[in-house]
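Participant: With the input below, show me the fold.
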Amino acid sequence: MFRTIIIISLALMLSACSGSALTDYVIGDGKPKPVRRTAPVANTGLAAGQNLSSYSYDGKSASGRSGSVKLGPAPKSSQRVYVTVNDTPITGYDISQRARLNSLLGYSRGTGKAARKQAMRELIDDVIRIKEAKRNNIDISDKRVMDTIGGMAKASGSSLESFKKRLRKNGVAFSSLKKQVKANLASRWLLQSKGQSNIKVDEAAVDRKLRKINSDPRRQGVTVYMLRQIDLPVEQTSPAMAPQLMLARAAEAQQIAARYRGCRTLKSAARGFYNVKVGRRIEADGRKLPKQMRKALRAAGTKKLIGPMRTRRGIQMVAFCGTKRIQPPKVSRAQVKNSLLNAKFSQASERVMRDLRRQAFIDYKDNSLR
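Facilitator: Have a look, this model is predicted:
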């Protein structure tokens, strides 16, 4: 056991990193938390804990997307009017709902204020489209809207009720989706009325796009290492006492390691020792881990703890709970074709909307959203 600790400690030292928290490896979009600096600890002969802050996984490697747009809670009571379009008000709640819907459906082209601006522009165009359809006596019935939504739910492999539950879970009212679908149907009518409904894509372009997506390194998947951190803090004390306290905590860490039989036994192995902090399981991006650390983790296996190692705050050990492969969902040719069709549809719709916007009365109540 002691020989294993020495080998692993040397491997960690070879990666030339200073002490920090393992949570900096965690998969996600958040920034690594800054390490609180304290006075240097005396050298106890133990390897230094690993600095993992430069290896955090950004959440894009497997899927190419960074996840949902973070907009905060939907302001359900926000009825402040941000813009009026031909006497139709658009409120803060309307904007928040559309931004959330875009995020859920993967339509967002930004985050925060950019996402809200995108949502507001879409809502302005929706009002113009629907009023233009009404002006030409085009009735877009509720049944037609519901039939379209039913088709969306079926295409996603779920029932209408499951689709509604998914919307509620993400803070989106079903009425917000209905408004968007009704506006899209009005847009299709507008394109037909302007002779721009015959939209097609080149099949060769679809194949090229599909090959490009499949060859994207971000879509090749990533191996993540599942880790748990064990900390035995050492309280600040005099320089004369620090080495003895560190060594005492290191001895306790070795006792915990002797009890350890795998990640499921971690809490029971640490039971009975004063002030031992067992961290939650985190996932580290295997490509960003130093080669020496990957080798050390595999050499230790899932039945032995790595360490003890010293940090600025005390003694640290690491439990290796195995690996798993994160693979993005496959993209079908039909999805790529629909994506290209939607892009062409948007371009054609923009050409039609340009003239209609000039004729509409748009009164911004907040100039920052222009």
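Participant: ok, now which ones touch the spatially closest residue to residue 150 that is not a sequence neighbour?
Facilitator: Nearest non-adjacent residue to residue 150, counting by CB to CB, 6 or more residues apart in numbering: residue 160, 5.4 Å away. Every residue, glycine included, has its C-beta placed from N, CA and C. Residues near residue 160 by CB atoms under 8 Å, 6 or more residues apart in numbering: 149, 150, 153.
Participant: Buried only: go through the residues you listed for me.
Facilitator: 149, 153 (16 or more other CB atoms under 10 Å).
Participant: from the contacts of residue 160, which single one is nearest residue 89?
Facilitator: Nearest to residue 89 out of those is residue 149 (CB to CB; 24.9 Å).
Participant: still on that earlier bit, so which of the contacts of residue 160 are in helices?
Facilitator: Counting by DSSP state H, the part of the contacts of residue 160 found in helices is 149, 150, 153.
Participant: quick one: the most far-flung residue of the chain relative to its centre and residue 313, what's the gap?
Facilitator: Distance from the C-alpha centroid of the chain, by CA atoms, centre = their mean, peaks at residue 240 (46.7 Å). Between residue 240 and residue 313 the computed distance is 19 Å (CB to CB, to the nearest Å).
Participant: Then residue 263?
Facilitator: According to CB to CB, residue 263 and residue 313 sit 23 Å apart.
Participant: Same question for residue 141.
Facilitator: From residue 141 to residue 313 the distance is 66 Å (CB to CB).
Participant: Which one of the two is surrounded by more residues?
Facilitator: Between residue 141 and residue 313, counting by other CB atoms under 10 Å, residue 313 is the more crowded of the two (20 against 10).
Participant: Got phi/psi on the more buried one?
Facilitator: When read as degrees, to the nearest 10, the backbone of residue 313 gives phi -110, psi -10.
Participant: OK, contacts around the nearest residue to it once chain neighbours are set aside?
Facilitator: Among residues not flanking residue 313 along the chain, residue 233 sits closest, at 5.4 Å (CB to CB, 6+ apart). Neighbouring residues of residue 233 by CB under 8 Å, 6+ apart: 275, 277, 313, 314.
Participant: Mind checking which of these land in strands?
Facilitator: Among the contacts of residue 233, the members falling in strands (DSSP state E) are 277, 314.
Participant: Got a PyMOL select line for the buried ones in the contacts of residue 233?
Facilitator: Restricted to buried positions by 16+ other CB under 10 Å, the PyMOL selection for the contacts of residue 233 reads:
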select buried, resi 313+314
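Participant: Output the contacts of residue 233 in TSV, with pLDDT and distance to residue 191 appended to each entry.
Facilitator: Shown next, in TSV, are the contacts of residue 233 (pLDDT from 0 to 100; distance: CB to CB, whole Å):
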residue	pLDDT	distance to residue 191
275	92	68
277	92	61
313	84	63
314	88	66
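Participant: Kindly indicate which of the contacts of residue 233 lies nearest residue 226.
Facilitator: Distances from residue 226 to the contacts of residue 233, taken by CB to CB, are shortest for residue 277, at 18.2 Å.
Participant: correct me, but that closest one touches residue 228?
Facilitator: No: contact criterion CB atoms under 8 Å: residue 277 and residue 228 do not qualify, at 10.7 Å.
Participant: what number of residues lie near residue 139?
Facilitator: Neighbour count of residue 139, defined by other CB under 10 Å: 7.
Participant: Also residue 246?
Facilitator: Using other CB under 10 Å, residue 246 is surrounded by 23 other residues.
Participant: Can you give me the pLDDT of it?
Facilitator: Looking at residue 246, its pLDDT is 88.
Participant: what's the distance between it and residue 347?
Facilitator: 66 Å.
Participant: ok, now residue 198?
Facilitator: Going from residue 198 to residue 347 by CB to CB gives 14 Å.
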